[in-house]
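[1] sequence below, structure please.
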Amino acid sequence: MNRLATSKESFGAVRLGLRKNWAQFSLLVLVNAFVGGMVGVERTVLPLLADREFELASRVAMLNFIASFGLTKALTNLLAGRVSDRIGRKRVLLAGWLAGLPVPIIIMLAPEWSWVVFANVLLGINQGLCWSTTVIMKIDLVGPNRRGLAMGLNEAAGYLAVALAAFGAGYLAATTSLRPQPFLLGLFFAFAGLLISAFFVRETKDFTNIEANQLQNQTSEQPTFAAVFLLTSWRNKTLFASSQAGMINNLNDGMAWGLFPLFFASAGLSLEEISFLVAIYPAVWGLLQLITGAISDYTGRKWMIASGMLIQAVGIWLILLTDGFWSWINTSILLGLGTAMVYPTLLAIVGDVTHPAWRATAVGVYRLWRDFGYVAGALLSGAIADIFGLRWAIGVVGVLTFGSGLLCALLMNELKQRQKLREKESNPYSHSC
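    Just a heads-up that it's a prediction; the model follows:
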């Protein structure tokens with residue numbers, strides 16, 4: 001009896017595919033929207049709260065909430081992937097929601113900025129556990145054929161929610177006050193995400209057994225964590241290129257999160273205008289991922305990623321070279337387009353390269369490096385802004401983004417055809433890419 005027949009007998013009605021698992025997939029899309037909403041509430045309000053209510057003059061001190069968030073999220077991503085391989089996905093998802101529940105309450109009651117920083121440590125745990133797990137669960141469900149589409153749907157839901165929450169929180173702040181009203185949205189997102197995850201989301205770890213059994217020459221050997229870490233971080237050129245691109249992508253997003261509201265405010269824009277500009281970039285990013293992830297399934301990942309990084313760099317530079325609300329709408333759209341080309345495609349190519357038996361761990365390593373970009377972005381852009389000003393900080397981040405795109409073009413191999421990977425499965429954690 002062949003392996004595929006064995007897997008069907010072992011797992012009964014469990015079958016790979018987006019269409020076959022649309023109900024669970026849709027629930028996970030909704031859950032990820034609530035995850036995105038949690039962080040979206042902060043994107044407009046917290047930089048202005050730091051400036052106007054807590055009166056923080058230093059940009060480094062102001063952006064330490066992003067650094068604490070990014071560092072915690074990066075480390076939690078690493079933990080989420082490995083732990084979910086061992087104890088299952090759903091338990092990790094529920095733990096993430098429990099960590100996120102106190103976040104809006106702490107920020108609403110915070111008497112000093114250190115409370116906000118601590119709240120963002122918890123938010124980093126929430127985002128790392130919940131977002132990583134929903135990504136892994138969707139990869140489990142769909143199998144290899146529509147992975148780009150699946151990641152596009154996942155990231156679209158998350159970042160459209162970021163945009164809507166950023167705009168909603170900014171509108172509430174403009175019409176009421178910076179606290180507490182905007183953060184009531186966060187309470188709703190946390191409770192809704194926890195309840196849906198607890199009562200409606202099902203475990204997906206068995207789906208990885210099916211895909212593993214469908215691969216030819218599959219080895220049952222489980223590589224060590226150190227082996228997967230080194231492979232994803234350095235040894236595999238495609239995974240290295242993906243990890244550095246993810247890090248630089250989130251480096252520029254961290255800069256945008258912390259400095260764009262201040263940059264637009266310094267130009268005399270109203271809070272309503274700032275809220276719209278802050279929201280339109282992740283909105284375009286989120287919406288276009290519905291298209292870019294699916295396109296990469298057919299055209300390939302490499303050039304979608306490389307060109308997306310270069311477009312991001314141009315968008316960042318044009319923020320500095322143009323002036324006025326309507327011009328900045330256009331540049332924000334361009335920045336969102338570049339990010340949409342990169343974000344789901346990076347996750348998809350990591351899924352392409354890695355074996356189902358250790359894929360969740362590799363995704364965790366990739367997301368460690370990606371979200372460490374928030375730490376680097378907050379510290380680097382904050383320091384440059386303190387010394388040279390906001391414009392220099394934004395411009396330098398554009399240069400780093402451009403360089404990252406060139407590295408992807410030079411190092412990354414095209415692996416969109418799963419057959420290429422099957423031919424290399426005899427030693428799954430030493431692909432020569």
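
[2] now the helices for the stretch 201-350 of the chain?
    Ranges of helices within the stretch 201-350 of the chain are 206-214, 225-230, 237-266, 271-299, 302-321, 325-353, based on DSSP state H, counting those that start in this stretch.

[3] again with the stretch 1-150 of the chain
    3-11, 22-52, 59-62, 64-87, 89-100, 103-109, 113-142, 147-175.

[4] quick one: which of those is nearest residue 223?
    helix 64-87 (11.2 Å; CB to CB). C-beta coordinates here come from the backbone N, C-alpha and C atoms, glycine included.

[5] show me the shaky parts of the stretch 301-433 of the chain.
    The stretch 301-433 of the chain contains residues with pLDDT under 70 at 415-433.

[6] just put the helices of the stretch 1-150 of the chain in CSV and tack on mean neighbour count.
    Below are these laid out as CSV (neighbours: other CB atoms under 10 Å):
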stretch, mean neighbour count
helix 3-11, 13
helix 22-52, 23
helix 59-62, 20
helix 64-87, 24
helix 89-100, 22
helix 103-109, 20
helix 113-142, 25
helix 147-175, 25
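
[7] can you list those in a markdown table and add mean pLDDT and distance to residue 192?
    Output for the helices of the stretch 1-150 of the chain, formatted as a markdown table (pLDDT from 0 to 100; distance: least, CB to CB, whole Å):
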| stretch | mean pLDDT | distance to residue 192 |
| --- | --- | --- |
| helix 3-11 | 37 | 31 |
| helix 22-52 | 91 | 5 |
| helix 59-62 | 84 | 30 |
| helix 64-87 | 86 | 21 |
| helix 89-100 | 94 | 10 |
| helix 103-109 | 96 | 13 |
| helix 113-142 | 90 | 12 |
| helix 147-175 | 87 | 11 |
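
[8] and of those helices, who's closest to residue 234?
    Judging those by CB to CB, what sits closest to residue 234 is helix 64-87, at 15.2 Å.

[9] tell me which of the helices of the stretch 1-150 of the chain sits nearest to residue 304.
    Nearest to residue 304, of these and by CB to CB, is helix 147-175 at 8.9 Å.

[10] re the thing from before, export the helices of the stretch 1-150 of the chain as TSV, with columns for distance to residue 307.
    Output for the helices of the stretch 1-150 of the chain, formatted as TSV (distance: least, CB to CB, whole Å):
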stretch	distance to residue 307
helix 3-11	38
helix 22-52	25
helix 59-62	31
helix 64-87	26
helix 89-100	33
helix 103-109	36
helix 113-142	23
helix 147-175	15
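
[11] closest to residue 296 out of those helices?
    helix 147-175 (4.1 Å).

[12] what's the angle from the closest one to helix 271-299?
    Counting by axes from the mean of the first three to the mean of the last three CA atoms, to 10 degrees, helix 147-175 lies at 180 degrees to helix 271-299.

[13] closest one to residue 281 among the helices of the stretch 1-150 of the chain?
    helix 147-175 (7.7 Å).

[14] quick one: the helix or strand that that closest one is followed by to helix 147-175, angle?
    Remark: after helix 147-175, the chain's next helix or strand is helix 181-199, criterion DSSP states H and E. Interaxial angle of helix 181-199 relative to helix 147-175 (the same axes, to 10 degrees): 150 degrees.

[15] give the buried residues for helix 181-199.
    Neighbour counts using 16 or more other CB atoms under 10 Å place 181-183, 185-187, 189-190, 192-194, 196-197 of helix 181-199 among the buried residues.

[16] closest one to residue 51 among the helices of the stretch 201-350 of the chain?
    Checked against CB to CB, the stretch from the helices of the stretch 201-350 of the chain lying closest is helix 237-266, at 6.6 Å.

[17] can you give the distance of that closest one from its chain's centre?
    11 Å (CA atoms, centre = their mean, to the nearest Å).

[18] and the angle for it with helix 325-353?
    Using the same axes, to 10 degrees: helix 237-266 against helix 325-353 is 160 degrees.

[19] pLDDT averaged over helix 237-266 - what is it?
    Across helix 237-266, pLDDT averages out at 94.

[20] got the contact list for residue 402?
    309, 310, 313 (CB atoms under 8 Å, 6 or more residues apart in numbering).

[21] most surrounded residue in the residues you listed?
    Counting neighbours by other CB atoms under 10 Å, the top entry in these is residue 309, with 27 neighbours.

[22] who touches that residue in this structure?
    Residue 309 neighbours (CB under 8 Å, 6+ apart): 245, 248, 249, 338, 342, 401, 402, 404, 405, 408.

[23] for the fourth one, grab the count of nearby residues.
    By other CB under 10 Å, 26 other residues sit near residue 338.

[24] okay but it is in contact with residue 310, surely?
    Yes: counting by CB atoms under 8 Å, residue 310 is a contact partner of residue 338 at 7.4 Å.
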